[in-house]
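Novice: sequence and predicted model, in that order:
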Amino acid sequence: MSYLENFTFITTLKKGKGHMPENINYKLESIGMIRTPYQNNAPYQPVDADGEEFYAIIDHKYVEGLSDLKKFNYIYLIFYADRISREVEMMVSPPWADGKKVGIFASRSPVRPNPLGLSIVRIKKIVENKIYTSGLDVFDKTPLLDIKPYIKDLDNKDNANYGWVAEMDDMAHLSLHIKGIPHDY
Ligand SMILES: C[S@@+](CC[C@H](N)C(=O)[O-])C[C@H]1O[C@@H](n2cnc3c(N)ncnc32)[C@H](O)[C@@H]1O
């Protein structure tokens with residue numbers, strides 16, 4: 001079965017101004033889909049879980065491309081948030097940020113001009129065209145656009161910081177939200 005025919009996204013940019021490109025077609029095709037137990041409510045960030053309920057299923061035509069992936073502990077899953085129902089706004093307030101408004105591009109909101117999500121997950125096992133992972137923060141049957149390995153030293157930066165989140169009160173509590181760690185409020 002091919003998942004591709006169900007999830008093909010083609011965007012045509014209107015005639016641009018200034019530095020914007022003119023009439024360029026971008027075509028993205030999903031490489032598979034993500035399966036999770038979440039139908040319409042998911043954590044804000046991945047929450048780890050036991051079991052085999054989180055996996056990415058890859059279209060058969062891309063399976064050879066999974067070679068050597070299992071040598072990595074962690075991967076990025078890049079997905080298309082296909083069930084956005086809200087209007088995109090340039091200023092947003094993350095649900096855990098106590099009403100603070102920040103620019104959309106300084107947030108991890110899925111409601112953005114291109115609704116792409118990026119989640120880092122641990123590979124548990126790969127069986128044929130299924131990559132079983134630690135917990136995910138996406139709805140069941142979300143289109144998967146790409147997979148990339150998370151590479152030690154290349155991807156973790158020693159001087160990374162918390163940006164505007166560090167300006168919030170109760171930073172310790174908020175960092176639990178950021179990391180998707182379950183806790184009592
Ligand atoms: C805050 S985003 C973070 C996604 C990713 N970890 C990131 O940082 O880009 C996670 C939320 O996206 C929403 N979401 C997940 N899958 C979706 C889908 N297929 N369509 C629309 N919204 C989705 C859920 O409300 C979930 O809580």
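Specialist: On my side now, so go ahead. Residues are numbered from 1 along each chain as shown.
Novice: for E89, what are its contacts?
Specialist: Contacts for E89 (Cβ atoms under 8 Å, 6 or more residues apart in numbering) come out as I104, V111. For the C-beta atoms, the positions are set from N, CA and C on the backbone; glycine is no exception.
Novice: low-confidence stretches in this protein?
Specialist: 1-24, 177-185 (pLDDT under 70).
Novice: got the contact list for the longest strand seen in the chain?
Specialist: The longest strand of the chain (DSSP state E) is strand 116-127. Contacts to strand 116-127, defined as Cβ under 8 Å, 6+ apart, come from residues 45-46, 48, 52, 54, 66, 69-70, 72-81, 110, 131-138, 142, 145, 150.
Novice: mind running it again at 7 Å?
Specialist: Contact with strand 116-127 is made by 46, 66, 69-70, 72-81, 110, 131-134, 136-138, 150, as judged by Cβ atoms under 7 Å, 6 or more residues apart in numbering.
Novice: just checking: which of those residues also lie near the ligand?
Specialist: Among the contacts of strand 116-127, the residues that sit close to the ligand (Cβ under 6 Å from any ligand atom) are A81, P110, D137, V138.
Novice: hmm, I147 is touching I75, no?
Specialist: Yes - between I147 and I75 there is a contact under Cβ atoms under 7 Å: 5.5 Å.
Novice: how about the secondary structure of S175?
Specialist: Secondary structure state of S175, per DSSP: H, G, I helix; E, B strand; the rest coil, is helix.
Novice: thinking again about what came up before, pick out the most distant pair among the ones next to the ligand among the contacts of strand 116-127.
Specialist: Maximum pairwise distance among those (Cβ to Cβ): 10.3 Å, between A81 and D137.
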